[in-house]
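Undergrad: make a model of this:
(one chain, ligands or ions: 1)
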Amino acid sequence: MNKIIRCDIFCNVIDNYGDIGVCWRLARQLANEYGVAVRLWVDDLGSLAKLCPEADAELESQLCRGVEVRHWAALFPEVEPAHLVIEAFACELPERYVAAMAAQKHKPVWINLEYLSAENWVEGCHKLPSPHPSLPLVKYFFFPGFTPQTGGLLLERDLFVRRDAFQNDASQQAFWQSIGMPTPAPETLKVSLFGYENTALQSLFDVWASGNQPVLCLVPEGRILPQVGKYFGDAAPCAGKDYSSGNLRVHVLPFVEQERYDELLWACDINFVRGEDSCVRAQWAGQPFVWHIYPQHDNVHMQKLRAFMELYCAGLPPDAAHALHGLWEAWNGGLGSGQAWNDFWAHRSILRQQARVWAQELSGNSLALNLLDFFRRIDKIRGFKI
Ligand code: TRH
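TA: Numbering: from 1, shown residues only. Sure thing, here's the model as predicted:
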């Protein structure tokens, strides 16, 4: 009997890098830590190439970091379905592939991997089956999340060991050299800033520029960059540029490959992150962070934001929780982040402590492991071992 689990992951890139960011991370982890034969189908290889520069956006098929990467083109080829089929974020699988799944004697385990949310209803929907209306197939909802009743989060086995080794190196000289910068003076506040367009930027920069502490703000190229340029009167901001005003220095970084982004988060005292995957990585960094949530229609994202803040702040004293709410609401509401910053940063020591405890608590619930456990439970017959 073939004992290697074969897994197909389907990723339809809607916008930005979150969809492919999560799929690429999951694919690598399943392949490299659990020996799963992973085929990743992506409709936009250009986005993958941003996260993994060695991927060739022109190739229909290639092997990348232990993962077979396939271009998901409109005309889908005839392939044998895998044992485990993961459709990311309810992307619709090719009809031909679904028909092939239904034709298998032993049906694949079909999972819809959902977006991350801290809302209560997630626990009740995690692992729910959804029978196909006409074919003999069942799809299961799989929800990542922050509580033991959810599917957990993606966390590589050695991440904390690598993080601790990095953070215990006082100078982190190699990292600063690699981004072409001298090691900042110890009193400098190091900030990474990854976000969407945000009108709250100006007052935050104002408060950093006029504050007593030197601030070094590192901005990876992306959607917030035009506003950064505007603040400094530059209509063409790009990687490598450097700006300053009072005590604030801003340096624009190129978008780095996915593994190297972690180092940026580890090196900074506070990280501004967005979407889904960078937000999780900021939590693993064990440092205070500010989340710019992906904006949705009718402000539904604010419910998601508040649900997360409630969970995250449960371990904080009320005044620190209040300060965190203040800054996160201001940053997501596009107003008043300058005032909210001072209150937030006055609590930095407890926020740091909480960030560390939170990361440790969450680390016991591994999404990749939970997925494979669930797969084995549903796929009783073949008796795969992990
Ligand atoms: O790019 P995002 O805004 O993605 C969003 C969200 O996932 C959102 O939920 C989804 O609905 C929408 O896309 C379609 O933010 P996110 O999720 O943080 O993804 C960014 C990825 O880019 C993440 O894997 C980290 C990675 N990254 C790098 O690899 N290098 C970099 O330099 C930076 C800044 C990020």
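
Undergrad: and the residue in the chain positioned nearest to the ligand, what is it in contact with?
TA: Closest approach of the chain to the ligand (CB to the nearest ligand atom) occurs at residue 18, with a separation of 1.6 Å. (Each C-beta comes from the backbone N, C-alpha and C, glycine too.) Listed by CB atoms under 8 Å, 6 or more residues apart in numbering, the contact partners of residue 18 are 275-277, 294.

Undergrad: now with 6 Å?
TA: Contacts here follow CB atoms under 6 Å, 6 or more residues apart in numbering; on that basis residue 18 touches 275-277.

Undergrad: tell me the confidence at it?
TA: Each residue has a pLDDT score; the one for residue 18 is 96.

Undergrad: without its sequence neighbours, what residue ends up closest to the most centrally placed residue in the chain?
TA: If you average the C-alpha coordinates of the chain and look for the closest C-alpha using CA atoms, centre = their mean, you land on residue 277, 0.7 Å from that point. Spatially, and ignoring its direct neighbours in sequence, residue 277 is nearest to residue 21 (3.9 Å; CB to CB, 6 or more residues apart in numbering).

Undergrad: give me the number of residues near the one you found?
TA: Other residues within reach of residue 21, judged by other CB atoms under 10 Å, total 25.

Undergrad: repeat for residue 134
TA: For residue 134, the count of nearby residues is 7 (other CB under 10 Å).

Undergrad: and it, helix, strand or coil?
TA: Look at residue 134: counting by DSSP: H, G, I helix; E, B strand; the rest coil, its state is coil.

Undergrad: what sits against the residue nearest to the centre of the chain?
TA: Residue 277 is in contact with 18, 21-22, counting by CB under 6 Å, 6+ apart.

Undergrad: can you name the residues bridging to the nearest residue to residue 56 once chain neighbours are set aside?
TA: Across the structure, with CB to CB, 6+ apart as the measure, the residue nearest residue 56 apart from its sequence neighbours is residue 62 (6.0 Å). With DSSP bridges as the criterion, residue 62 is bridged to residue 69.

Undergrad: would you mind confirming that residue 12 is in contact with residue 41?
TA: No: with contacts counted by CB atoms under 6 Å, residue 12 stays clear of residue 41, the gap being 9.1 Å.

Undergrad: give me the more crowded residue out of those two.
TA: residue 41 (24 against 19).

Undergrad: for the more buried one, phi and psi?
TA: For residue 41, the backbone dihedrals (degrees, to the nearest 10) come out as phi -100, psi 120.

Undergrad: tell me where the protein has strands.
TA: 6-11, 37-42, 61-64, 67-71, 84-88, 109-113, 129-131, 138-142, 189-193, 215-220, 242-245, 248-253, 270-274, 289-292 (DSSP state E).

Undergrad: which bits of the stretch 51-200 of the chain sit near the ligand?
TA: For the stretch 51-200 of the chain, the residues in contact with the ligand (CB under 6 Å from any ligand atom) are 51, 115, 194.

Undergrad: so how far is residue 375 from the residue nearest to residue 135 when sequence neighbours are not counted?
TA: If the residues on either side of it in the chain are set aside, residue 135 comes closest to residue 102, at 4.1 Å by CB to CB, 6+ apart. Computed as CB to CB, to the nearest Å, the residue 102 to residue 375 distance reads 18 Å.

Undergrad: more crowded one of those two?
TA: residue 375 (24 against 15).

Undergrad: residue 280 versus the more buried one, what's the distance?
TA: Remark: distance between residue 375 and residue 280 (CB to CB) = 22 Å.
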